[in-house]
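Participant: Need the 3D shape of this:
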Amino acid sequence: MSTATYAGVAVELNDEGFFVDPNQWTRDIAVELAKADGIDQLTDQHWTVLEFMRKEYFEKGTGPTVRVLGKTSGVSVKDLYLLFPKGPAKMAARIAGIPKPKGCI
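Facilitator: Down below sits the predicted model:
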């Protein structure tokens, strides 16, 4: 584990760079994480996905897969790949401050 500082907040990360404690996440942190991943501005669609990811995590204990995201988040799979080009479920989970979803490599 390691510690990183985003938006003035020190957060613990696991070995893959995902938050250990999702409750440390803030929207300001998400903006910084997105910029570090090459997303200059988070749009309404980005926020829809990020909020959906967090809701699913806190309800089910894991983030949704790309397939579930595409079917239930209100954002199509095609758009997910445009919004999060490095892998929608994994990239969105990291920016949303939740652990990597099961099934992501």
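
Participant: contacts and neighbour counts: CA atoms only from here.
Facilitator: Will do.

Participant: The lowest-mean-pLDDT helix or strand in the chain packs against which elements?
Facilitator: Every helix and strand of the chain was ranked by mean pLDDT, DSSP states H and E. The lowest is helix 66-72, at a mean of 90. Helix 66-72 is packed against helix 77-83, helix 88-96, with contacts defined by 3 or more CA pairs under 8 Å, 6 or more residues apart in numbering; DSSP states H and E.

Participant: Highest mean neighbour count out of the ones you listed?
Facilitator: Among these, ranked by average contacts under mean count of other CA atoms under 10 Å, first place goes to helix 88-96 (a mean of 25).

Participant: hmm, back to that, of the helices and strands packed on helix 66-72, give the one that comes closest to residue 57.
Facilitator: Nearest to residue 57, of all the helices and strands packed on helix 66-72, is helix 88-96, at 9.3 Å by CA to CA.

Participant: the inter-axis angle of the lengthiest helix in the chain versus helix 88-96?
Facilitator: Across the chain, the helix with the greatest residue count (assigned by DSSP state H) is helix 44-60. Counting by axes from the mean of the first three to the mean of the last three CA atoms, to 10 degrees, helix 44-60 points 90 degrees away from the direction of helix 88-96.

Participant: For helix 44-60, which outside residues touch it?
Facilitator: 62-64, 69, 73-75, 83, 92-93, 95-98 (CA atoms under 8 Å, 6 or more residues apart in numbering).

Participant: same thing but 7 Å
Facilitator: For helix 44-60, the external contacting residues (CA atoms under 7 Å, 6 or more residues apart in numbering) are 62, 63, 64, 73, 83, 92, 93, 96, 98.
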